[in-house]
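Undergrad: Structure, please.
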Amino acid sequence: MKIFYSEEHRNHYPPFEVFDGGMRVPYYENPDRMDRILTALKKTDWAEFAEPDDFGLDPILAIHDRGYINFLASCWDEWLASDPRVSSSPETEAFLPATFALRRQSRPTSSLHGRGGYYMMDLSACIVAGTYKAALTSANIALSAAHSSFDLQNSSFALCRPPGHHAGKDYAGGYCFINNASVAANWLSQKGKTALLDIDYHAGNGTQDIFYERSDVLTISIHGDPDYEYPHYVGFADETGKGLGEGLHKNFPLPKDTGNEGYLAALDEALELIRGFAPEHLVLSFGADTYDGDPLGKFHVTREGFGRIGKHIAGLNLPTAIIMEGGYANEALGVNTQTLLENFR
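TA: The predicted structure follows:
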């Protein structure tokens, strides 16, 4: 299996995030996550590592607002230039806004902090000097996997960092800046019908936002119910698409303490929807934060459960671009990821 990966992600490592209740904590979405996965995959005899190609900005601007991408590109340098209190040390500083647009009638302003509050959803999408380039590379990793799966008609793995599924058309959130899986799915949709299945613990609000009114990509998300879980405002069962996309989005919000059997029941229902849509390609947003004991999750999926999940999805027999999203139980992350992937070899 081809594994697309780049060391560029290491340059995106915010020194903190602001957690629930306003407490500064070390950044959960950190480079150690990639190291754990790399260590596990390098022990196999089937992982073939490759650097991503550069697809340029066009595939990204096909789904993201240009003003938003310009903001990501310029934010750090503009912040350093505009505020003499800020040092240039990424070890101590990260850009975050102090206010957030309610978006009923709001618009981006000329103020950097005004644009920050417009283009950023929360306090975990911290921007440092290397964020934009790392996000671009992560999107190219996803595109390279999609291109490989299309050309070879098999499955590939995009080891993306930062992740992407919380990034919407014109906003960052939940550690995500460019929606890697949506960029890949949009690219594949130009080749044929495409389905995007999100099995990260948290609802794929950005992916839902991007495809909600489109008929060419079926989107499905299985996640913790937003009544108790991030992102709280999106991911409910009655959100099914709009306009041309009516009926082509499906959320499976699951209760706290969902284990293997409850998760697999929802997954099998989702897979039946995909079979009914009859896509030619599948994009899988894979988050391992459904794992029992993940610090940011409340499910109890086991390592054996990841194997069963992978086997059920692989049973679709579709060329599949698997895109890495979340998963923060770092000690188990590598083997859990390997356990799911080996079903797609």
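
Undergrad: what pairs with the host helix or strand of residue 250, and is each one parallel or antiparallel?
TA: Applying DSSP states H and E as the criterion places residue 250 in strand 249-254. Strand 249-254 pairs in its sheet with strand 217-224 (parallel), by DSSP bridges.

Undergrad: In CSV, list the C-alpha atoms belonging to the partner strand.
TA: The C-alpha atoms that make up strand 217-224 are tabulated as CSV, following Å, rounded to 0.1, in the frame of the first residue of the first chain:
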residue,chain,number,x,y,z
VAL,A,217,-20.6,13.5,-3.6
LEU,A,218,-22.3,11.5,-0.9
THR,A,219,-21.1,12.5,2.6
ILE,A,220,-21.6,10.5,5.7
SER,A,221,-20.3,11.1,9.2
ILE,A,222,-20.4,8.7,12.2
HIS,A,223,-19.6,10.6,15.4
GLY,A,224,-20.3,11.6,19.0
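
Undergrad: okay, and the helix or strand of the protein with the least pLDDT?
TA: In the chain, no helix or strand scores lower on mean pLDDT, DSSP states H and E than helix 112-119, which sits at a mean of 89.

Undergrad: So which other helices or strands are in contact with it?
TA: Packing partners of helix 112-119 (3 or more C-beta pairs under 8 Å, 6 or more residues apart in numbering; DSSP states H and E): helix 66-82. To be clear about C-beta, it is placed using only N, CA and C from the backbone, and glycine gets the same treatment.

Undergrad: buried stuff in the helix it packs on?
TA: For helix 66-82, the neighbour count (16 or more other C-beta atoms under 10 Å) marks 68, 69, 71, 72, 73, 75, 76, 79 as buried.

Undergrad: Now do the contacts for the first one.
TA: If I follow you right, that is residue 68. 119, 169, 170, 171 (C-beta atoms under 8 Å, 6 or more residues apart in numbering).

Undergrad: Recalculate using a threshold of 6 Å.
TA: Residues near residue 68 by C-beta atoms under 6 Å, 6 or more residues apart in numbering: 119, 170.

Undergrad: Against residue 200, how distant is it?
TA: Counting by C-beta to C-beta, to the nearest Å, the separation of residue 68 from residue 200 is 22 Å.

Undergrad: where along the stretch 51-200 of the chain do the helices fall?
TA: If DSSP state H, counting those that start in this stretch is used as the criterion, the helices of the stretch 51-200 of the chain fall at 58-61, 66-82, 112-119, 131-152, 180-189.

Undergrad: Of those helices, which stretch is the most buried?
TA: helix 180-189 (a mean of 29; mean count of other C-beta atoms under 10 Å).

Undergrad: if we can go back for a sec, could you point out which element follows the strand holding residue 250?
TA: Once the chain leaves strand 249-254, the next helix or strand it forms, by DSSP H and E, is helix 260-277.

Undergrad: Straight-line length of stretch 268-286, end to end?
TA: In terms of C-alpha to C-alpha, to the nearest Å, the two terminal residues of stretch 268-286 are separated by 16 Å.

Undergrad: Hmm, residue 252 is touching residue 266, no?
TA: Yes - if you go by C-beta atoms under 6 Å, residue 252 and residue 266 touch, sitting 4.4 Å apart.

Undergrad: more crowded one of these two?
TA: residue 252 (22 against 17; other C-beta atoms under 10 Å).

Undergrad: In contact with that one, which residues?
TA: 222, 266.

Undergrad: and if you look at residue 231?
TA: 203, 205.

Undergrad: Am I right that residue 244 sits in a helix?
TA: Yes - the assignment for residue 244 is a helix, going by DSSP: H, G, I helix; E, B strand; the rest coil.

Undergrad: which residue sits closest to residue 216 in space, ignoring its chain neighbours?
TA: Leaving aside its chain neighbours, residue 216 sits nearest to residue 189 (4.8 Å; criterion: C-beta to C-beta, 6 or more residues apart in numbering).

Undergrad: ugh, wrong one, I meant residue 130
TA: Closest residue to residue 130 apart from its sequence neighbours, by C-beta to C-beta, 6+ apart: residue 11 at 2.7 Å.

Undergrad: next one: residue 293
TA: residue 329 (5.4 Å).

Undergrad: Residue 296 is in contact with the one you found, correct?
TA: No - under the criterion of C-beta under 6 Å, residue 329 makes no contact with residue 296, lying 8.9 Å away.

Undergrad: May I have the secondary structure class of residue 237?
TA: Under three-state DSSP, residue 237 falls in the coil class.
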